[in-house]
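S.K.: Here's my sequence, what's the structure:
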Amino acid sequence: LGILFAVPVALAINVVIVALGQILAAVFRGVGAVLQGTLLLILSPLFLLSAVLNGAVIDGNSAGDSGGGAYSFLEGMAVVGGQFSGNNATTGGGMYNDGCSPTIRNTSFCGNYALWSGGAVFNKQNAPSFEGCAIVGNRASYYGSAVFNEVSGGMYLNVTVCNNKAGYTTIHDWFANPLY
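M.R.: The predicted structure is shown next:
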């Protein structure tokens, strides 16, 4: 079992319930991180090489660089029935996935903001899977108010994307070829 795998970067008091490889319930509200990710997902060698964030609410957080709500580099990670709302960062206001390919199911990304790109989600060099998600009302000053894919593939199945606002694009694929 994981000794440490969910770390609120700013060490604010948050609730995390972990059992048998799953975060069963978590609330991360109003945390600020200096560089990356309010919630860093870190792999413990004893943690069965995967993690599931189940029913988490990640709301009103910020990061000075990437991943206002969460910064993930954990391969095999999944988010099920979660909510990312009101988070902000320079890139990846809601979530930043760096070199890993998470599975995101039945999760909403609403009202997140990125100063540059990826208002809801920023994917870098990966192939994430989004299924049954809602990406609504997010903003980015330049590219990808909903999603920014950088050198990424992946799949978006039954995903609702609406009312997102950016200077240029809602979904931006930079050297990327995801399946929509």
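
S.K.: use CA for all of it now, contacts and neighbours both
M.R.: Will do.

S.K.: Okay, helices next: where are they in this protein?
M.R.: Per DSSP state H, the chain carries no helices over any range.

S.K.: low pLDDT regions in it?
M.R.: 1-50 (pLDDT under 70).

S.K.: make it 50
M.R.: Along the chain, the model assigns pLDDT under 50 to residues 1-25, 33-36, 42-49.

S.K.: which residues does the most centrally placed residue in the chain contact?
M.R.: In the chain, the centroid-proximal residue (Cα atoms, centre = their mean) is Met95; its distance is 2.3 Å. Contact analysis of Met95 by Cα atoms under 8 Å, 6 or more residues apart in numbering lists Gly37, Gly67, Gly68, Gly69, Ala70, Tyr71, Ser72, Phe84, Ala120, Val121, Phe122.

S.K.: Show me which parts of stretch 169-180 are buried, residue by residue.
M.R.: Of all the residues in stretch 169-180, those buried under the rule 16 or more other Cα atoms under 10 Å are Thr169, Thr170, Ile171, His172, Asp173, Ala176, Pro178.

S.K.: In strands, which of the contacts of Met95 fall?
M.R.: Among the contacts of Met95, the members falling in strands are Ala70, Tyr71, Ser72, Phe84, Val121, Phe122 (criterion: DSSP state E).

S.K.: Next up, the contacts around Asn97.
M.R.: Applying Cα under 8 Å, 6+ apart to Asn97 gives the contacts Tyr71, Ser72, Phe73, Val121, Phe122, Asn123, Lys124, Asn126.

S.K.: on that earlier part again, would you reformat the contacts of Met95 as CSV and include distance to Arg105 and neighbour count?
M.R.: Below are those laid out as CSV (distance: Cα to Cα, whole Å; neighbours: other Cα atoms under 10 Å):
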residue, distance to Arg105, neighbour count
Gly37, 20, 33
Gly67, 19, 36
Gly68, 19, 40
Gly69, 17, 39
Ala70, 16, 28
Tyr71, 17, 24
Ser72, 16, 23
Phe84, 12, 27
Ala120, 15, 39
Val121, 14, 32
Phe122, 16, 28
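
S.K.: So Asn158 sits against Glu131, correct?
M.R.: Yes: the pair Asn158 / Glu131 is scored as a contact, 5.9 Å apart, by Cα atoms under 8 Å.

S.K.: out of these two, which sits in the more crowded spot?
M.R.: Taking other Cα atoms under 10 Å, Asn158 and Glu131 do not tie; Glu131 has more neighbours (18 against 13).

S.K.: thinking the more buried one is in contact with Gly154, fair?
M.R.: No: using Cα under 8 Å, Glu131 makes no contact with Gly154, being 10.9 Å away.
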